[in-house]
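Colleague: missing the sequence, but the structure's below:
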């Protein structure tokens, strides 16, 4: 092989490599934003799909984060994350092909894989001024969102997780759940129709034991009618009722006591498994119709005790992990488990490579 033939082949191979880099990375390669680092080259097809300044993405993100206080990045981040995990399905790539979707395509398909979810979240967050990174491992992709206060974010995360368990979980399907302003109640409903004999008492309720975890309190919500005036009490349990029945001194919740009542429509919150006592001092029997809802307030810490907000410090900023494949019980900061290989964070704009851990 002659010298010029050798030089010609070298130039030919260089042109082929140049063409590959140019067509996969375009102007980023010419401007020097893409390095020849193998990790940077590997990441380029993904980061090149991230959109930064598209008005359609910005408008869509604004609608998703509506209701957040102005400039509240933690609220915005949580809402973007909840939108992705609650509205998109996981779809694997076609057999034998790496299909990388744009954020528009992921929205249209209403699903994708880990790279597609990360591209969508990064695009949405970047459109409202939240700095992001794309993280690649040997078998997974996820995002980082930077400039986030993990402590403040946790407040939003806890609120979201409580709501998910209260409204869309095995826990909520197995119980009659009432979710009220961040509080979870397990409800039991009773419709009673009975008679109280003259000069006797009646009791419906618990044994008076203290309420313990996972419950915090008991709320009795009742609507009762009586055919003749009676005295009605909410007592801490059967023990106090038995004192009443024996005409002994007993304790009752004074704010929930109704004397000479023909009807009662009220609620009473107590700290024991208590109930309702009725005393009939009339000469005739009294017909009683009672609708009673018993609400046991559930301790939400049962759902929150394992939450850990994972973040990394990058260039002085706290960057929180976002795994779009973690599902509706996932949350911003949930660290993906059992990842293979190095965790390589890529700045989508500068193509800077950062090795995590």
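Modeller: Sure thing, it's come through. Because the structure is predicted, anything quoted here is derived from the model rather than measured. Numbers count the residues shown, from 1 in each chain.

Colleague: can you give me the offset of stretch 335-349 from its chain's centre?
Modeller: 23 Å (Cα atoms, centre = their mean, to the nearest Å).

Colleague: Would you mark the buried spots in it?
Modeller: 336, 343, 344, 345, 346, 347, 348 (16 or more other Cβ atoms under 10 Å). Heads up, the C-betas are built off the backbone N, CA and C, glycines and all.

Colleague: Contacts only, for the second one.
Modeller: By Cβ atoms under 8 Å, 6 or more residues apart in numbering, the contact set of residue 343 is 135, 136, 137, 355, 356, 357.

Colleague: Specify the beta-bridge partners of it.
Modeller: Under DSSP bridges, the beta-bridge partners of residue 343 are residue 356.

Colleague: now it: how far from residue 142?
Modeller: Residue 343 is 9 Å from residue 142, where distance means Cβ to Cβ, to the nearest Å.

Colleague: shared neighbours, these two?
Modeller: Common neighbours of residue 343 and residue 142 (Cβ under 8 Å, 6+ apart) are residue 135.

Colleague: tell me which element residue 349 falls in.
Modeller: Assigned by DSSP states H and E, residue 349 belongs to neither a helix nor a strand.

Colleague: measure it to residue 132 for me?
Modeller: Remark: distance between residue 349 and residue 132 (Cβ to Cβ) = 9 Å.

Colleague: now residue 332
Modeller: For residue 332, the distance to residue 132 equals 12 Å [Cβ to Cβ].

Colleague: overlap in contacts of the two?
Modeller: Residues touching both residue 332 and residue 132 (Cβ under 8 Å, 6+ apart) are residue 145.

Colleague: Contacts for stretch 230-249, please.
Modeller: Identification of contacts with stretch 230-249 by Cβ under 8 Å, 6+ apart yields 196, 200-201, 203, 205-209, 220, 224, 250-253, 256-261, 264, 268, 270-282, 286, 288.

Colleague: got the buried residues for it?
Modeller: 230-238, 240-245.

Colleague: Dihedrals phi and psi, residue 113?
Modeller: Backbone torsions for residue 113, taken as degrees, to the nearest 10, come to phi -110, psi -170.

Colleague: That should have said residue 297, apologies.
Modeller: Torsion angles, degrees, to the nearest 10, at residue 297: phi -70, psi 120.

Colleague: Could you verify my assumption that it touches residue 213?
Modeller: No - here residue 297 lies out of contact with residue 213, judged by Cβ atoms under 8 Å, at a distance of 11.3 Å.

Colleague: Comparing these two, which residue is more hemmed in?
Modeller: Of the pair residue 297 and residue 213, residue 297 is the one with more neighbours under other Cβ atoms under 10 Å, namely 19 against 9.

Colleague: Residue 200 contacts residue 278, doesn't it?
Modeller: No - using Cβ under 8 Å, residue 200 is not in contact with residue 278, being 9.2 Å away.

Colleague: quick one: which of the two has more around it?
Modeller: residue 278 (25 against 14).

Colleague: Please give the element, helix or strand, for that one.
Modeller: Assigned by DSSP H and E, residue 278 belongs to strand 275-280.

Colleague: Could you name the helices and strands sitting against that strand?
Modeller: Judged by 3 or more Cβ pairs under 8 Å, 6 or more residues apart in numbering; DSSP states H and E, the packing partners of strand 275-280 are strand 200-205, strand 215-235, helix 238-245, strand 286-298.

Colleague: got the angle for the third one vs strand 215-235?
Modeller: Yep, that's helix 238-245 we're talking about. Angle of helix 238-245 versus strand 215-235, following axes from the mean of the first three to the mean of the last three Cα atoms, to 10 degrees, is 0 degrees.

Colleague: Pull up the pairing partners for the strand holding residue 278, direction included.
Modeller: strand 200-205 (antiparallel), strand 215-235 (antiparallel).

Colleague: possible to save those strands as JSON lines with distance to residue 55 and mean pLDDT?
Modeller: Formatted as JSON lines, those follow (distance: least, Cβ to Cβ, whole Å; pLDDT from 0 to 100):
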{"stretch": "strand 200-205", "distance to residue 55": "61", "mean pLDDT": "98"}
{"stretch": "strand 215-235", "distance to residue 55": "47", "mean pLDDT": "97"}
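
Colleague: And residue 175, its phi and psi?
Modeller: With angles defined as degrees, to the nearest 10, residue 175 sits at phi -130, psi 160.

Colleague: What distance do you get for it to residue 187?
Modeller: With the distance defined as Cβ to Cβ, residue 175 ends up 8 Å from residue 187.

Colleague: Between those two, tell me which one has more neighbours.
Modeller: Higher neighbour count among residue 175 and residue 187: residue 175, with 17 against 14, using other Cβ under 10 Å.
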